[in-house]
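**Student:** My questions are about this predicted structure, shown below with the sequence.
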Amino acid sequence: MSDVKLVGTARETFGKGSARQARRDGNIPAVIYSHGGEAQHVLVDAHEAFLIIKNHRNALVTITIGKKNHKAIIKDVQRDAIGRVVEHIDFLAVKAGEKQTIDVPVVLVGDVAPGAQVTLDLHNASISADVAALPEHVEVSVEGLEAGTVLYVKDIELPKGQAFENDPEQVVAVVSEIVAELEEDEVAVEGSEAAPAEAE
């Protein structure tokens, strides 16, 4: 995934009142955590941060603060009670070539064989990858699969550099036969035909 850029400023005031004012000014309070280093408190543009969260949730982000660039990934996003407003972001500083494990949604692509249907069992997968190539999701093809097919984690091939952290024997999806259900009027007709004739 391509590098995503974000400009930040050092946060100098703290507390709930300060955070509310920052959000009114169009910024989001954030923290950049590093391995063994001191956490850095910053403010980032709310609109730009929202677009990154929406479109590039697992991207490698270059956060520019003054003349210094920080390579980081998003570790946590805190939202308001309704879930629409981003209130705080936790970033984790990373280095080129470093690997991270993240949870991403599993997406089924393709159509199963006629007369079959597919059920997704594994909705989120744990994937380990280079920080510069963290996926947004995992695609699982079910194209042409017949009823009775069971897909396991070990059956799914990931792009080079990515690896599952899930149990290889964990079920990802199950393809089953579609069982036709009789319409209510058909059931009623069959029931009337089966009823014994009244005595004359």
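**Tutor:** Right, received. Where do you want to start? Numbering: from 1, shown residues only.

**Student:** in the chain, which spans are strands?
**Tutor:** 4-10, 27-33, 40-45, 61-65, 68-79, 86-93, 99-109, 116-120, 124-130, 138-141, 150-152, 163-164, 171-177 (DSSP state E).

**Student:** Now do the fifth one: distance to the chain's middle.
**Tutor:** When you say that, I think you mean strand 68-79. 16 Å (C-alpha atoms, centre = their mean, to the nearest Å).

**Student:** in its sheet, what does that strand sit against?
**Tutor:** strand 61-65 (antiparallel), strand 86-93 (antiparallel) (DSSP bridges).

**Student:** Can I get it in PDB? Just the C-alpha atoms.
**Tutor:** The C-alpha coordinates for strand 68-79 follow below in PDB (Å, rounded to 0.1, in the frame of the first residue of the first chain):
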ATOM      1  CA  LYS A  68      10.600  15.600  11.600                       C
ATOM      2  CA  ASN A  69       8.800  12.700  10.000                       C
ATOM      3  CA  HIS A  70       7.300   9.800  12.000                       C
ATOM      4  CA  LYS A  71       6.400   6.500  10.300                       C
ATOM      5  CA  ALA A  72       3.400   4.900  12.100                       C
ATOM      6  CA  ILE A  73       0.300   2.800  11.800                       C
ATOM      7  CA  ILE A  74      -3.000   3.300  13.400                       C
ATOM      8  CA  LYS A  75      -3.500   1.000  16.500                       C
ATOM      9  CA  ASP A  76      -6.700   2.300  17.900                       C
ATOM     10  CA  VAL A  77      -9.500   4.800  17.100                       C
ATOM     11  CA  GLN A  78     -11.800   6.200  19.800                       C
ATOM     12  CA  ARG A  79     -15.200   7.500  18.700                       C
END
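
**Student:** start at 56 instead
**Tutor:** I'll keep to 56 as the first residue from here, and by that count the last item is strand 123-134.

**Student:** So for it, what gets flagged as buried?
**Tutor:** For strand 123-134, burial by neighbour count (16 or more other C-beta atoms under 10 Å) applies to His125, Lys126, Ala127, Ile128, Ile129, Val132. Just so you know, the C-beta spots here come from the backbone N, C-alpha and C atoms, and that holds for glycine as well.

**Student:** Likewise for the last one?
**Tutor:** Under the neighbour-count criterion of 16+ other C-beta under 10 Å, strand 226-232 has Val227, Ala228, Val229, Val230 buried.

**Student:** Now for the third one: which residues touch it?
**Tutor:** Read that as Val229. By C-beta atoms under 8 Å, 6 or more residues apart in numbering, Val229 lies in contact with Val173, Thr174, Asp176, Thr204, Val205, Leu206.

**Student:** so can I have TSV of the strands paired with strand 123-134 showing mean pLDDT and mean neighbour count?
**Tutor:** Converted to TSV, those look like this (pLDDT from 0 to 100; neighbours: other C-beta atoms under 10 Å):
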stretch	mean pLDDT	mean neighbour count
strand 116-120	93	18
strand 141-148	92	18
